[in-house]
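Asks: Next come a sequence and a model predicted from it.
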Amino acid sequence: MDMNKKLAQVSKLFCIEGTFVGYRTIQVGNVNKTYEVRFILPNGKPKSFLIQNVNTYAFRNPVQLMENIDKVTEHIRSKKTGKIALHFHHTADRKTYVIDGKNFWRMINFIPSVTYSSVIDQQVVCNAGKAFGEFQMQLSDFDITQLYETIPGFHNTRQRYEQLRQAIAADPVGRVAEVQEDIAYLLSVEDLACKLTDLFNEGKLPLRVTHNDTKINNVLFNPDDNTALVVIDLDTVMPGLVGHDFGDAIRFAANKVSEDFPGYEKAGVDLEVFRSFAEGFLEMTADTLTPAEIDTLALSCFTLTAELSTRFLADYILGDPYFNIKYEEHNLVRTRCQIALAKDMQLHMAEMEQIVRQCVEHAKAKS
Ligand SMILES: Nc1ncnc2c1ncn2[C@@H]1O[C@H](COP(=O)(O)OP(=O)(O)O)[C@@H](O)[C@H]1O
Ligand SMILES: [Mg+2]
């Protein structure tokens, strides 16, 4: 495919006027293919846009996904906060995407910015917490029934445990024998891990708009002062629980090692990172969250970690059909790294809860 020609053609379908002058592939991000395309507008000024070729293998319902994104970004823009916001361009027939053969294209305003792939300092973590908290806050009055559940049961922890049990019973590649200890631990914490799901089923936690991929690299930062500009990568926006976003952000950012670090005994929760993220997040959300939601934030970190452990372990047992692996035991290493983190979170649960309470008090005193 001649990319210059293709991207120029796609831009035209999104009604961009002006002259296409070139593109640059953006290497960050490992799900979609992302390009900055450059134009000279009819008024003679240069302007960039972002084009993405959506990975329709990972996202099976791209049209529903785009409808979710369109509604959510429209809602945020309707608040007219004056802040930078994402804007998805429309085609002549008002669609937010162009399908050509196997390719699914979308076009977004380009925001000059930097991203960080790992924790570089506590201020960046705090600002990321603010960004995800602000996203949550801006959508707190959104009518959740308008959103598709594009990945059904994504964080239904009871169902994830059921899937692990089915994998164990099937044992198709004979791996169950070597993972007995991992299975025993995960089953021993099942009720604790599923508490969030159970509380939701009992009607004690509200459904909200959740982002579902709250990694720091999904926040664009201002290169001058590292303030957060906007949350991106809205492919997994769905109805969910606030703890899903908070818990997964902590699971990823506050782990002392990377998600698949082979020396998993070193995995554990960095309470300073936890505090920084919680401070930013709660500064924006303390007023809108219910007491029950606040009370389950620390627990949700454990929940998301245990839940992902069950997914990695089930995948390992089934012979790695889902997650990409770089070596044979990759899913086992991932499982054990997450289990080590989950155990450490159990040990520090009281401290995490206390930090959440302090951050709430702090936020309420400020507002
Ligand atoms: N609106 C935007 N403006 C500028 N850069 C962006 C924008 N959206 C995404 N990017 C850049 O492209 C990268 C990948 O985008 P993302 O939507 O996160 O895709 P992926 O799902 O592949 O992670 C981001 O990490 C960021 O560097
Ligand atoms: Mg991303």
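Replies: The structure has been received and is ready for your questions. Numbers count the residues shown, from 1 in each chain. Ligands and ions are numbered 1, 2, ... in the order given.
Asks: Just list the residues touching residue 161, thanks.
Replies: When the contact criterion is CB atoms under 8 Å, 6 or more residues apart in numbering, the partners of residue 161 are 186, 190, 193-194, 310. Placement of C-beta: from N, CA and C, glycine included.
Asks: Show me which pair in those residues is furthest apart.
Replies: Pairwise distances across the contacts of residue 161 peak at 11.2 Å for 186 and 194 (criterion: CB to CB).
Asks: and the closest residue to residue 310 other than its chain neighbours, how many neighbours?
Replies: Closest residue in space to residue 310, ignoring its immediate chain neighbours: residue 164 at 4.4 Å, by CB to CB, 6 or more residues apart in numbering. Summarising burial for residue 164: neighbours were counted as other CB atoms under 10 Å, giving 23.
Asks: In the stretch 1-150 of the chain, what residue spans correspond to strands?
Replies: With strands called from DSSP state E, counting those that start in this stretch, the stretch 1-150 of the chain shows them at 19-26, 33-40, 46-53, 98-100, 103-109.
Asks: ranking those by burial, who's on top?
Replies: Ranked by mean neighbour count, those are led by strand 103-109 with a mean of 20 (mean count of other CB atoms under 10 Å).
Asks: right, is that one up against ligand 1?
Replies: Yes - where contact is defined by CB under 6 Å from any ligand atom, part of strand 103-109 touches ligand 1, namely 108-109.
Asks: what's the model's confidence in that strand, averaged?
Replies: Strand 103-109 comes out with an average pLDDT of 97.
Asks: Against which helices or strands is that strand packed?
Replies: Counting contacts by 3 or more CB pairs under 8 Å, 6 or more residues apart in numbering; DSSP states H and E, the secondary-structure elements packed against strand 103-109 are helix 3-13, strand 46-53, strand 98-100.
Asks: let's go with 7 Å and repeat that
Replies: Here strand 103-109 touches strand 46-53, going by 3 or more CB pairs under 7 Å, 6 or more residues apart in numbering; DSSP states H and E.
Asks: now the strand it packs on: mean pLDDT?
Replies: 97.
Asks: Export it to PDB, keeping only CA atoms.
Replies: What follows is the C-alpha trace of strand 46-53 in PDB, where atoms were taken according to Å, rounded to 0.1, in the frame of the first residue of the first chain:
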ATOM      1  CA  PRO A  46       0.400  24.100   8.000                       C
ATOM      2  CA  LYS A  47      -1.800  21.800  10.100                       C
ATOM      3  CA  SER A  48      -1.500  18.200  11.300                       C
ATOM      4  CA  PHE A  49      -4.200  15.600  11.900                       C
ATOM      5  CA  LEU A  50      -4.000  12.100  13.300                       C
ATOM      6  CA  ILE A  51      -5.100   9.100  11.400                       C
ATOM      7  CA  GLN A  52      -5.500   5.700  12.900                       C
ATOM      8  CA  ASN A  53      -6.000   2.300  11.300                       C
END
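Asks: how distant is it from the center of its chain?
Replies: Strand 46-53 has its average C-alpha position 22 Å from the chain's average C-alpha position, going by CA atoms, centre = their mean, to the nearest Å.
Asks: Contact residues of the stretch 151-300 of the chain facing ligand 1?
Replies: 217-218, 232-233, 235.
Asks: hmm, back to that, could you point out which of the contacts of residue 161 is nearest to ligand 1?
Replies: Top of the list for closeness to ligand 1, among the contacts of residue 161 and by CB to the nearest ligand atom, is residue 310 at 23.8 Å.
Asks: Inside strands: which ones of the contacts of residue 161?
Replies: Here DSSP state E is the test, and the contacts of residue 161 give no hits in strands at all.
Asks: The residue of the stretch 51-200 of the chain at minimum distance from ligand 2: how many residues sit nearby?
Replies: Among the residues of the stretch 51-200 of the chain, residue 115 lies closest to ligand 2, at 8.2 Å counting by CB to the ion. Taking other CB under 10 Å as the criterion, the count of residues near residue 115 is 15.
Asks: And for residue 80?
Replies: Using other CB under 10 Å, the number of residues around residue 80 comes to 8.
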